[in-house]
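# with the sequence up front, the predicted model follows.
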Amino acid sequence: MTRRRPARRPRRKQQDDTQFILATVIAAGVIALVVAVVHWLLVHWWLLLVAAVVAVPAGIVWWRRRAERMHWEQARARALRYGLAQLDALSHRQFEFSVRDLMRRDGCTDAVQVGGQGDLGADVKATDPLGRRWVIQCKHRRGGERGAAVGTPELQVLNGTGRPVHKADVVVMLTNGRITGPGRTFAREQRLHLVDRNLLGAWASQARPLWELLPALPVPRKPSSLS
């Protein structure tokens, strides 16, 4: 008569049991550690009192310094000015960051530089205090007015992504150079806003926000003291 071999437990079942035991041991260790720490703190309660006495004044000092730093950063931002010669000397990426900083100066606290590979025509995005979403494409010309003019093809790319892709209310082509006549006609037909060298110089060197310098902007998304 052939003796039957005892059935072996499935390997997966053994692994599950091992993991359960390991998890139980870890959980028990964590609970024991927590209990020991709580017990120690109850015995040495005065250490908590000392820590609180030290931490509260330190926290107040940290908060005050943080508020002062934010205040000075806001004051510096409000005083931000650029001359055209400064802007001409920047790299293209630095130019984008300068435009971002100018939008922040004007109250667009969420302004970000997003230009780079695959930016789909957006170099700077921002929301103005009236709730309008802005998408700005920056075209930096090292030679300034002597550089290549921004033309219709570049504006067509921006027009194809500004509202459909980026959901912008205000779509802007901004350059420290020139914009061609056909490009201006196309922008007017497609409700694109243009910031050429002259307008850029006025905006960057003054304290007026860009939306006060551009005509025919969309109505605000939310009520304000200006509406």
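Nice, I can see it.
# give the buried residues for stretch 186-193.
Across stretch 186-193, burial judged by 16 or more other Cβ atoms under 10 Å covers 186, 187, 192, 193. C-betas here are computed from N, CA, C, even on glycine.
# return the helix or strand in the protein with minimum mean pLDDT.
The weakest-scoring helix or strand in the chain, judged by mean pLDDT, DSSP states H and E, is helix 45-78 (a mean of 67).
# C-terminal to it, what's the next element?
helix 84-88 (DSSP states H and E).
# what residues does that following helix touch?
Contact with helix 84-88 is made by 95, 98, 140-144, 176, 197, 200-201, 204-205, as judged by Cβ atoms under 8 Å, 6 or more residues apart in numbering.
# list buried residues within those residues.
Buried members of these, counted by 16+ other Cβ under 10 Å: 95, 98, 140, 141, 144, 176, 197, 200, 201, 204.
# who are the contact partners of residue 136?
Contact partners of residue 136, counting by Cβ under 8 Å, 6+ apart, are 99, 103, 122, 123, 124, 125, 126, 172, 173, 174.
# wasn't the last one part of a helix?
No: counting by DSSP: H, G, I helix; E, B strand; the rest coil, residue 174 is located in no helix; its state is strand.
# mind listing what it touches?
Counted by Cβ under 8 Å, 6+ apart, residue 174 has contacts 99, 136, 137, 138, 139, 194, 195, 200.
# the first one now?
Applying Cβ under 8 Å, 6+ apart, one finds that residue 99 lies in contact with 113, 123, 124, 136, 138, 174.
# what segments of this structure are helices?
Taking DSSP state H, the helices of the chain run over residues 11-43, 45-78, 84-88, 92-105, 152-161, 181-190, 197-205.
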